[in-house]
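> here is the input, now give the coordinates:
(chains A and B)
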Amino acid sequence: MEGWDPNTKSTLTQIPLLTRKAGPRDGAAWTQRLKEEYKSLIAYTQMNKSNDNDWFRISAANPQGTRWTGKCWYVYNLLKYEFDLQFDIPVTYPSTAPELELPQLDGKTQKMYRGGKICLTVHFKPLWAKNCPRFGIAHALCLGLAPWLAAEVPILVDSGMIKHKDDTATTSTES
Amino acid sequence: MELELKELRADLQSLTQSLPDPSHHALLRKIQLRVEDLANLAAAAPVRRSKVEDMSAEVVDSNPYSRLMALQRMGIVENYERIRDFSVAIVGIGGVGSVAAEMLTRCGIGRLLLYDYDKVELANMNRLFFRPDQVGMTKTDAAVQTLSDINPDVVLESYTLNITTVTGFETFMSSLKNKSFRPDKQGSGVDLVLSCVDNYEARMAVNQACNELSQTWMESGVSEDAVSGHIQLLIPGETACFACAPPLVVASGVDERTLKREGVCAASLPTTMGVVAGLLVQNTLKLLLGFGQVSPYLGYNSLKDFFPTMQMKPNPQCSNVACLKRQEEYMLAKPARDAAAKAKMEAEAPTEEGPLHQDNEWNISVVDDIELDIPDTRSSDVLPEGLTHELPTADEFHKATLDAPVVDNDDLEDLRRQLEAINSA
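Purely as a prediction, here's the structure:
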């Protein structure tokens, strides 16, 4: 964990760890794991809200909890940039991490695979492998997506690849 | 086409005869000439070769298999025509998979199952196989188009899906289990699975499927700097599975920290991809047709032209449950395996005729080199020179907490509602 800022580190220690190693094909064991995922997501979301650092919404898109959709946002120069967020729970979960997708940014940055899958190879995959099966969706968002947004959104905005949603409607009145 | 043109000519003829006004005849004559041109063009178009019933060893220009059947005459392969009984599944039809598919098609493999969810792009044109006019097609459709032209004898099945998702994986599994091609064969519906994918998640999915089905498979990979690659044979229970040890990569020979990593755009070369595809299919042919030595692991470092090889035993503490099950089965089958090997040895070796030496002054005796079946947990940690792990192993964590019965009164639906409540607050 060298190289991570103390803020992320202290947040991470407060996200409940998971115990069950089960994937979507493991029947009842997956249901147990899914409960742990929910608890950890609830705790992380609550923590973000009380720290005034709310930055995503995520909920299961099917009853089996194998597909998740929601939103995430990042504030840069006092403007909020919001993106759709989606991912599937892979069959080999939790041995392999979910591949987080921001479909609206597909093709706009090099740090992304086809279909809008953000690149997690260097900063996140080794951490996930080292902490299997204790890390879950909440950890993937905290250690995978959050640093990616912090690194990429400023570049995307400064290079004009993405515009703030109010930018097209008004030109001078908004800051 | 031919029929259509013939009809068109007949129609024109009757039109010419039925028209009383000769002023139109010049125009009709012109149309007739164009039809003739079209007919000539159609006749010159490439013809598809028809299917071949039996592989013949006859040396004539028109026999697509003469050079392959010659492998028998040269004493390399005992029965080449057996290749028609084999089914091979190729997962990932990219730089390696597409070339492997073409090689197997040209070898006259019985049946190929192709899996990919991607489309052909212009950015793929630095590699072999796909053509610019196929841009936009799915890789599986484009591959079937080309391969069925090259060799119509091969049964091709294409699956456009992502095997890491729950539904994709189920289709993948059931397609491997389908035994309609050779119903009398043992095992699953395919003889070998070739993994030619470019990411860890998909490899783990192939590993999972093959461990569950006890299906032999081969893994292949090319490094993202395009200068090294590897192939690996995986026999569930007998050799290390992909989850037994963290994935191996051939060290590139340059300091990893000096490598530039801007973005995810991996480099690729048609050469490295072609070499790896060649190594993969060569190993496949050796395994299926039973000749030469099948490599358990073969690395390729193109900067130094270094080819490390190694063997990996399964990890008795593998995190994959299906792998452990296969390991247990393999151990249980050991006596039968030993007996079969002994019988084979005795059948081949001539009966011994007395002691080799009359006197044995120093009491020298030959000791049986039985392999000790003590599970060596470190066996897969020791790597030969030139190989490194791609990912770290998971830290030890307290198993005790897991084994204790978990008091669980939570309701899934209740938790879901809780999250929704926080989300909308």
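> what residues does the helix or strand hosting B:Leu27 touch?
Applying DSSP states H and E as the criterion places B:Leu27 in helix B:25-44. Helix B:25-44 is contacted from outside by B:Met1, B:Glu2, B:Leu5, B:Leu8, B:Arg9, B:Leu12, B:Leu15, B:Thr16, B:Leu19, using C-beta atoms under 8 Å, 6 or more residues apart in numbering or on different chains. All C-beta atoms are positioned from the backbone trio N, CA, C, and that covers glycine.
> all strands of chain B, in order?
For chain B, the strands identified by DSSP state E occupy B:87-91, B:111-116, B:155-160, B:192-195, B:217-222, B:228-234, B:248-250, B:297-301, B:387-389, in order along the chain.
> isn't B:Val99 right next to B:Ala277, touching?
Yes. B:Val99 is within contact range of B:Ala277, at 3.8 Å (criterion: C-beta atoms under 8 Å).
> count of neighbours near the residue of the stretch 301-425 of chain B found nearest chain A?
Among the residues of the stretch 301-425 of chain B, B:Leu415 lies closest to chain A, at 3.7 Å counting by C-beta to the nearest C-beta. In terms of burial, B:Leu415 registers 18 neighbours under the definition other C-beta atoms under 10 Å in any protein chain shown.
> show me the contacts for the closest residue to it other than its chain neighbours.
With C-beta to C-beta, 6 or more residues apart in numbering or on different chains as the measure, A:Tyr38 is the residue that lies nearest to B:Leu415, at 3.7 Å, once sequence neighbours are left out. For A:Tyr38, the residues meeting the contact criterion (C-beta under 8 Å, 6+ apart) are B:Leu412, B:Leu415, B:Arg416, B:Gln418, B:Leu419.
> which helix or which strand is home to A:Tyr38?
Element membership for A:Tyr38 (DSSP H and E) is helix A:28-50.
> what about the spatially most central residue of chain A, which SS state?
For chain A, A:Leu141 is the residue whose C-alpha lies nearest the centre (C-alpha atoms, centre = their mean; 2.9 Å). In three-state terms, and counting by DSSP: H, G, I helix; E, B strand; the rest coil, A:Leu141 is helix.
> contacts only, for it.
Each residue near A:Leu141 by C-beta under 8 Å, 6+ apart is listed here: A:Tyr44, A:Phe56, A:Ile58, A:Cys72, A:Leu100.
> repeat that for B:Asn63.
Applying C-beta under 8 Å, 6+ apart, the residues near B:Asn63 are B:Ser56.
> ok, it to B:Lys344 distance?
B:Asn63 is 36 Å from B:Lys344, where distance means C-beta to C-beta, to the nearest Å.
> what do you get for B:Asn301?
With distances defined as C-beta to C-beta, the gap from B:Asn301 to B:Lys344 amounts to 37 Å.
> tell me which of these two has more neighbours.
For B:Asn301 and B:Lys344, the more surrounded residue by other C-beta under 10 Å is B:Asn301, and the numbers stand at 20 against 10.
> so which of B:Val99 and B:Ala277 has more stuff around it?
Higher neighbour count among B:Val99 and B:Ala277: B:Ala277, with 28 against 24, using other C-beta under 10 Å.
> you'd agree that one is up against B:Met103?
Yes. At 6.7 Å, B:Ala277 and B:Met103 qualify as touching, with contact defined as C-beta under 8 Å.
> B:Cys241 is in contact with B:Lys313, correct?
No. In this structure B:Lys313 lies outside contact range of B:Cys241 using C-beta under 8 Å: 10.7 Å.
> point me to the residue of chain A nearest chain B.
Of all residues in chain A, A:Gln110 sits closest to chain B, at 2.7 Å by C-beta to the nearest C-beta.
> name the SS class of that residue, please.
In terms of secondary structure, A:Gln110 is coil; the call rests on three-state DSSP.
> how close does it get to A:Phe87?
Using C-beta to C-beta, one gets 20 Å for the distance from A:Gln110 to A:Phe87.
> swap in B:Ala343?
With the distance defined as C-beta to C-beta, B:Ala343 ends up 54 Å from A:Phe87.
> can you check B:Ile163 too?
When C-beta to C-beta is applied, the distance between B:Ile163 and A:Phe87 equals 16 Å.
> the more surrounded of the two?
Each of B:Ile163 and A:Phe87 has its neighbours counted (other C-beta under 10 Å); B:Ile163 has more, 28 against 24.
> quick one: pLDDT of that one?
Each residue has a pLDDT score; the one for B:Ile163 is 96.
> tell me where chain B has helices.
The residue ranges that make up the helices of chain B, judged by DSSP state H, are B:2-18, B:25-44, B:66-73, B:97-106, B:139-150, B:166-177, B:200-213, B:270-289, B:321-332, B:334-348, B:399-403, B:412-424.
> can you check chain A too?
A:6-14, A:28-50, A:125-130, A:137-140, A:146-158.
> and among the ones you listed, the most buried is which?
Per residue and on average, the most neighbours among those fall to helix A:137-140, with a mean of 24 (mean count of other C-beta atoms under 10 Å in any protein chain shown).
> what does that one rub up against?
Applying C-beta under 8 Å, 6+ apart, the external contacts of helix A:137-140 come out as A:12, A:15-16, A:37, A:40-41, A:43-44, A:58, A:68, A:97-98, A:100, A:124, A:128, A:131.
> how about stretch A:14-27?
Here stretch A:14-27 has contacts from A:29-30, A:32-33, A:36-37, A:39-40, A:43-44, A:47, A:64-66, A:89-95, A:132-136, A:138-139, A:142, B:166, B:169, B:319, B:401-402, B:406, using C-beta under 8 Å, 6+ apart.
> where are the low-confidence patches of the stretch 101-250 of chain B?
Counting by pLDDT under 70, the stretch 101-250 of chain B contains low-confidence residues at B:246-250.
> can you rerun that using 80?
When residues are selected by pLDDT under 80, those of the stretch 101-250 of chain B lie in B:245-250.
> residues from it in reach of chain A?
The stretch 101-250 of chain B has residues B:118, B:163-166, B:169, B:200-201, B:204-205, B:207-208, B:243, B:246 near chain A, with proximity defined as C-beta under 8 Å from any C-beta of the partner chain.
> make it 10 Å
Within the stretch 101-250 of chain B, the positions lying close to chain A (C-beta under 10 Å from any C-beta of the partner chain) are B:117-119, B:121, B:162-170, B:172-173, B:198-209, B:212, B:224, B:242-243, B:246-247.
> sort out which of those residues are buried, if you could.
Among those, those buried by neighbour count (16 or more other C-beta atoms under 10 Å in any protein chain shown) are B:117-119, B:162-166, B:168-169, B:172-173, B:198-209, B:212, B:224, B:242-243, B:246-247.
> distance of the residue nearest to the centre of chain A from B:Arg127?
When distance is defined by C-beta to C-beta, A:Leu141 is 35 Å away from B:Arg127.
> what is the neighbour count of residue 132?
Defaulting to chain A. Residue crowding around A:Cys132 was assessed by other C-beta under 10 Å; the count is 21.
> ah, no, chain B please
Around B:Pro132 there are 9 residues (other C-beta under 10 Å).
> hmm, it is touching B:Ala123, no?
No. Using C-beta atoms under 10 Å, B:Pro132 makes no contact with B:Ala123, being 11.3 Å away.
> what pLDDT does A:Trp128 get?
Per-residue confidence (pLDDT) for A:Trp128: 92.
> brain fart, B:Asn363
pLDDT, B:Asn363: 80.
> wait, what's in contact with it?
Residues counted as contacts of B:Asn363 (C-beta atoms under 10 Å, 6 or more residues apart in numbering or on different chains): none.
> hmm, B:Pro392 is touching B:Ala245, no?
No. The pair B:Pro392 and B:Ala245 fails to qualify as a contact (C-beta under 10 Å) at a distance of 11.4 Å.
> ok, back up a step: indicate which one of the helices of chain A is closest to B:Gly75.
Across the helices of chain A, B:Gly75 has its closest neighbour in helix A:125-130 (47.6 Å, C-beta to C-beta).
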